[in-house]
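> Here you go, sequence then predicted model.
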Amino acid sequence: MGFETNDLAQLFFEESDEFVELMETSLLKVEQDGADTETLNAIFRCAHSIKGGSGSMGFSEVAMFTHGLETLLDNLRNGHVIADDDITALLIECADHLKDLLDAARASKPYPNSSPLMTRLEIIIDGGGPPQEEEFDEDKFRAEIAALLAEEEGKSAEPAKVADFSDLDALMDEPVEAAAVAAPAAAPVAAAPVAPVVETVAAPAPSAAPGPVATASAAEPSKRPAAADKTESQILRISADKVDRLINLVGELVIHQSMLVDAAGTTASPQMAAAVSAISQATRELQERVLAVRMLPVKQLFGRFPRIVRDLGRACGKHCTLETSGEETELDKMVIEGLVDPLTHLIRNSVDHGIETPEDRIAAGKPESGTVWLRARHESGSIILEIVDDGKGLDKEKIVKKAIEKGLASPEDQLSDEAIYAMIYQPGFSTAAVVSDVSGRGVGMDIVVQAIRGLGGAITVTSKLGHGTTFRLKLPLTMAIVEGLTVRVGKELYVLPLTNIVECIKPGADDIHTIAGQGEVLNLRGTVLPVTRLHTVFGVPSDITEYQDGVLVIVEDGAKKAALLVDELVGQNQVVVKSLETNYGNVEAVAGATILGDGKVALIIDVAGLSILRQASAQYAAAA
Amino acid sequence: MPKKILISDDAMFMRTMLRKILETNGYEVCGEATNGQEAVDKYIEHSPDLVLMDITMPVLDGISAVKAIKAKDPNCKIIMCTAMGQKEMVFEAIRSGAKDFIVKPFQAPRVLQSVEKILGAA
């Protein structure tokens, strides 16, 4: 047909995914609150739209299945069939199947078998008693319609307005533009020799020839706003790739802008200084705006979880609902995508391990049905996601016992609550006596923690035995920019993300101690922190040998803190993150690189990665 | 000057498909509406030569939109976009003032045939 079938197919799949999702959420609502007309209509429209689209795309299997589904939905909203639990469950199954069908169509794979579900649909449709739909014969139907149309035309054949040709003269004197835009609803214009200035509109009925002619109102200047001619769609679908390229380019611009600021600083004439300042401001705003393009509300991410909680609750024999809030909170698309797996795991965990069985809950004096809350909100430049359950909470004693068994802790250790809870992040750590087939899918909490760190975020857990557990994720708004502290080690510059920095101190000669088996530690107002010399981490020469000649940067990752020794603090600024992965793969303890205002390249330090290094070596020391 | 057509359908896919069929054949799509109410509003705003109107839409369905537009402009030209199983609704739409119907899945020649027929009667 001459248009880009690929674009259209992509649009079809994207939109269909949204429809299936809406269908699913609506069905869950029906299951919980019962069926109301509005919701049933919404579900019907979803099926209907997918049917139309899939037919047009030539996905006949999808079209056929959605047609069956639509028929049942139609019977439901007409009241021919009453939605009970069985039917709702069947419809949810159908939504799943529809998802599979769409996936198969997308991947050009064989379709899953629809006939068992179709048969079940048909049984209900036939049992519901509406007249069986006859075979659709378009030609026969067209004939019927034509008859009806003729009848309607006859009815509405009011005397046509008498042609008033005096107006035509007036019309011809009008400027072309005014006449060209003037075709208001009330004034149909006949095909006339004045065609260049008058939009030709067909007469309403063939019998009405020569037809009504423009009335004076047609020549009145149109009140139509200029903007009305613009394309109407308020939402643009742009490939993420284009936005990413734009972001990259703006990143370059930011770098050049800071170079310009540096250069102008020494030679600036007043005009130059003003221009540079204006460019800086515009660049900053441009950067913010471009990044905002990639920001999406977390709503869509959250949308998948009610279903997961429902299914999982059923599988575990638990009553459980999910309550969400803060769905409008926006996050970088990349961060959202990276959150799917870790959040799914955490929520599964909460239902599977957190929420108790109805019997246990009643025995504990709690409501029979458990609740998992999923919340999102802004907090000082970061996004906080919380997964809270009102289940049994983490059992500290059990965790410690397990940790000792696994050699992760020794019985003598005096562990803080934070340290105990942090144990569950260790690879291979699971307190569930039996690994269930739902949560124990080989993805442990350690993978979750890694994923969150990979997004530049941090995770903490708090819990109260008998009352529930809270997982708190702190995430950056975007991964494209880091607010950082630039530090110098020897000739090298490094950037430490500000979110990881607690404070910087100039150590005194007796603040650092060496403890056997643990290396050097800092006594910071009574708290003992491990110390890492940054130059040894990266194997670069340093200008200093004594602690008191350098600066200690206290960094944190979640609950863990450490002190990093650097030669000097250089300054604080926003840097654009450039990935190293394309060229170097994943470099340990390095989150990326950036170009500073003076053109120098600096590595951005992955503080969480550093802590892991430190932890690993501490464990070896303990094991030895 | 190309004929102005308003497309009304709640599915972006359908709107895009129709727009492409129409635009590649010399028509101007002067607006897209995602529900019946928007279709009525945009009809008043743009005074299109023709409307392609889906039946199943949120807020205000296609048939109610036809009635509302017909009340505002008795000479309006509306083609219903229908699917299998909507016969009764097509009858009602025609009784309410629609001039023709096209059946999903759309085939470009059929869409154009109907559009030409309704627009080009003069």
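Thanks, I have the structure now.
> Now do the same contact list for the closest residue to chain A within chain B.
Nearest to chain A in chain B, going by C-beta to the nearest C-beta, is B:Pro105, at a distance of 3.2 Å. For glycine as for every other residue, the C-beta is placed from the backbone atoms N, C-alpha and C. Shown in contact with B:Pro105 (C-beta atoms under 8 Å, 6 or more residues apart in numbering or on different chains): A:Gly52, A:Gly55, A:Ser56, A:Met57, A:Gly58, A:Ala63.
> What are the phi and psi values at it?
phi -70, psi 140 (degrees, to the nearest 10).
> how much space between the nearest residue to A:Gly609 once chain neighbours are set aside and chain B?
Nearest residue to A:Gly609 in three dimensions, chain neighbours excluded: A:Ala589, at 4.1 Å (C-beta to C-beta, 6 or more residues apart in numbering or on different chains). Here the distance between A:Ala589 and chain B works out to 45 Å (C-beta to the nearest C-beta, to the nearest Å).
> pretty sure A:Ala589 contacts A:Leu610?
Yes: using C-beta atoms under 8 Å, A:Ala589 and A:Leu610 qualify as a contacting pair, with a distance of 4.9 Å.
> so what sits against both of the two?
Shared contacts of A:Ala589 and A:Leu610, counting by C-beta under 8 Å, 6+ apart, come down to A:Val537.
> on that earlier part again, how many residues are close by the residue nearest to A:Gly609?
19 (other C-beta atoms under 10 Å in any protein chain shown).
> Can you tell me the centre-most residue of the chain?
Let's take chain A. A:Ile336 (3.8 Å; C-alpha atoms, centre = their mean).
> meant chain B, my bad for not saying
Geometric centre of chain B, nearest residue: B:Leu52, 1.2 Å, by C-alpha atoms, centre = their mean.
> quick one: it and B:Arg19 touch, right?
No: B:Leu52 lies out of contact with B:Arg19 (C-beta under 8 Å); the separation is 9.7 Å.
> Could you name every residue contacting both of these two?
In contact with both B:Leu52 and B:Arg19: B:Ile7, using C-beta under 8 Å, 6+ apart.
> what's the burial count for A:Arg525?
When neighbours are counted by other C-beta under 10 Å, A:Arg525 registers 5.
> Distance-wise, check it relative to A:Ala104.
Remark: distance between A:Arg525 and A:Ala104 (C-beta to C-beta, to the nearest Å) = 62 Å.
> for A:Ile399, same thing?
According to C-beta to C-beta, A:Ile399 and A:Ala104 sit 44 Å apart.
> Give the residue from these two that has the larger number of neighbours.
A:Ile399 (21 against 16).
> Within the helices and strands, which one has residue 30?
Just going to use chain A. A:Val30 belongs to helix A:5-33 when assigned by DSSP states H and E.
> You answered for a different chain; I wanted chain B.
Per DSSP H and E: strand B:28-33 holds B:Cys30.
> do A:Ser463 as well
Using DSSP H and E, A:Ser463 sits in strand A:458-464.
> so what secondary structure elements neighbour that strand?
helix A:417-422, helix A:445-454, strand A:468-476 (3 or more C-beta pairs under 8 Å, 6 or more residues apart in numbering or on different chains; DSSP states H and E).
> so where is the chain shaky, pLDDT-wise?
Assuming you mean chain A. For chain A, applying pLDDT under 70 flags the ranges A:1-5, A:127-136, A:154-234, A:380-381, A:427-443, A:558-559, A:582, A:611-624.
> I was thinking of chain B, sorry if that wasn't clear
Looking at chain B by pLDDT under 70, you get B:85, B:121-122.
> Which parts of chain B are strands?
B:4-8, B:28-33, B:50-54, B:78-82, B:100-103 (DSSP state E).
> so how far is the first one from its chain's centroid?
Averaged C-alpha coordinates place strand B:4-8 at 6 Å from its chain's average position (C-alpha atoms, centre = their mean, to the nearest Å).
> in its sheet, what does it sit against?
Next to strand B:4-8 in the sheet, as set by DSSP bridges, lie strand B:28-33 (parallel), strand B:50-54 (parallel).
> What is the neighbour count of residue 113?
All of this refers to chain A. With other C-beta under 10 Å as criterion, A:Asn113 counts 11.
> Not quite, go with chain B.
Neighbours of B:Gln113 using other C-beta under 10 Å come to 13.
> now do the one 3 residues further on
Other residues lying near B:Glu116 total 13 when counted by other C-beta under 10 Å.
> Equivalent analysis for B:Lys77, please.
24.
> I'd say it and B:Leu52 touch.
No: between B:Lys77 and B:Leu52 there is no contact under C-beta under 8 Å: 10.1 Å.
> Now do A:Asp311 against A:Glu31, distance only.
Distance, A:Asp311 to A:Glu31, by C-beta to C-beta: 12 Å.
> immediately after the helix or strand where A:Leu72 lies, which helix or strand?
Using DSSP H and E, A:Leu72 sits in helix A:60-77. Going down the chain from helix A:60-77, the next helix or strand is helix A:85-106, by DSSP H and E.
> Give me the helices and strands touching that following helix, please.
Packing partners of helix A:85-106 (3+ C-beta pairs under 8 Å, 6+ apart): helix A:5-33, helix A:37-57, helix A:60-77, helix A:115-127.
> again, 6 Å this time
helix A:5-33, helix A:60-77, helix A:115-127 (3 or more C-beta pairs under 6 Å, 6 or more residues apart in numbering or on different chains; DSSP states H and E).
> just so I know, which of those lies nearest chain B?
Nearest to chain B among the helices and strands packed on helix A:85-106 is helix A:5-33 (4.7 Å), distances taken as C-beta to the nearest C-beta.
> Is any residue of the closest one near chain B?
Yes: on the criterion C-beta under 6 Å from any C-beta of the partner chain, helix A:5-33 is in touch with chain B at A:Leu11, A:Phe12, A:Glu15.
> Select from those residues the one having the most neighbours.
A:Phe12 (28 neighbours).
> give the contact list for that residue.
Listed by C-beta atoms under 6 Å, 6 or more residues apart in numbering or on different chains, the contact set of A:Phe12 reads A:Gly53, A:Met57, B:Phe13.
> Make a markdown table out of those residues and add distance to A:Ile238 and neighbour count.
A markdown table is the format used below for the contacts of A:Phe12 (distance: C-beta to C-beta, whole Å; neighbours: other C-beta atoms under 10 Å in any protein chain shown):
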| residue | distance to A:Ile238 | neighbour count |
| --- | --- | --- |
| A:Gly53 | 21 | 28 |
| A:Met57 | 22 | 21 |
| B:Phe13 | 17 | 25 |
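> Just the closest of the residues you listed to A:Gly265, please.
Ranked by distance to A:Gly265 (C-beta to C-beta), those are led by B:Phe13 at 54.2 Å.
> surely that closest one meets A:Gln10?
No: contact criterion C-beta atoms under 6 Å: B:Phe13 and A:Gln10 do not qualify, at 9.9 Å.
> Got the domain ranges for chain A?
Listed domain ranges for chain A are A:5-127, A:240-293, A:297-476, A:481-623 (source: automatic domain parsing).
> How much space separates A:Arg472 from A:Ile387?
Counting by C-beta to C-beta, the gap from A:Arg472 to A:Ile387 is 8 Å.
> ok, A:Asp85 - how many residues close by?
The burial count for A:Asp85: 9, using other C-beta under 10 Å.
> Excluding sequence neighbours, find me the nearest residue to it.
Leaving aside its sequence neighbours, A:Asp85 sits nearest to A:Glu31 (C-beta to C-beta, 6+ apart; 7.2 Å).
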